[in-house]
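> Sequence first, predicted coordinates after that:
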Amino acid sequence: MRRAIPALLAAGVLLAAGACGAGSGTTGVTTTVSAPPPADPATAAACEALARAYGKHMAPFAQALSGVVADGKATEPAQRALADFAAAVQAATEASTDAEIRADGKRAADQMRATSADAKFFAGIKTAEDADRAMGQTLTGWLAPLSRHCS
């Protein structure tokens, strides 16, 4: 599972690209990731919970970003989707017995939550390429604190 987050991020970029072009439809993208689990069971459990949170919240965020591309004033659903994603990241890591995972999960969630309230971030999303960047580089940056545990 340590390699799951980068693989999921790559899948998320593909999903975002599909969602941005799909309008209000679904992308139909399904991803299965298989990687060796971390040696520590607590880390493995946190990484699995994080992968589930990612799987559940990536598509709604991607679809909401495509809505921002279609209508620049439709930022509220994207802001809410990102805030929900942040809450899921924190929930996935806060029950860990590993203090570093809890702290890194909180750091990642705080970054995502702060961005969800940043109107400038969403105002900068005008094209599919902007949405792709948010789903790729930006999301990777938000989740970077966790990548040392789950990559």
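Yes, it's here. Residues are numbered from 1 along each chain as shown.
> Helices of the chain, start to end?
4-22, 41-70, 76-94, 99-116, 119-123, 128-133, 139-150 (DSSP state H).
> Report the buried residues of stretch 77-88.
Buried residues in stretch 77-88, defined by neighbour count with 16 or more other CB atoms under 10 Å: 78-79, 81-88. Quick note: C-beta positions are derived from backbone N, CA and C, even for glycine.
> Kindly indicate which of these lies nearest residue 111.
The nearest member of the buried residues of stretch 77-88 to residue 111, counting by CB to CB, is residue 86 at 8.0 Å.
> check contacts around that closest one.
With contact taken as CB atoms under 8 Å, 6 or more residues apart in numbering, residue 86 is in contact with 108-110, 112-113, 116.
> Dump those into TSV; add pLDDT and neighbour count as well.
Formatted as TSV, the contacts of residue 86 follow (pLDDT from 0 to 100; neighbours: other CB atoms under 10 Å):
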residue	pLDDT	neighbour count
108	96	23
109	97	25
110	97	15
112	97	24
113	97	19
116	96	21
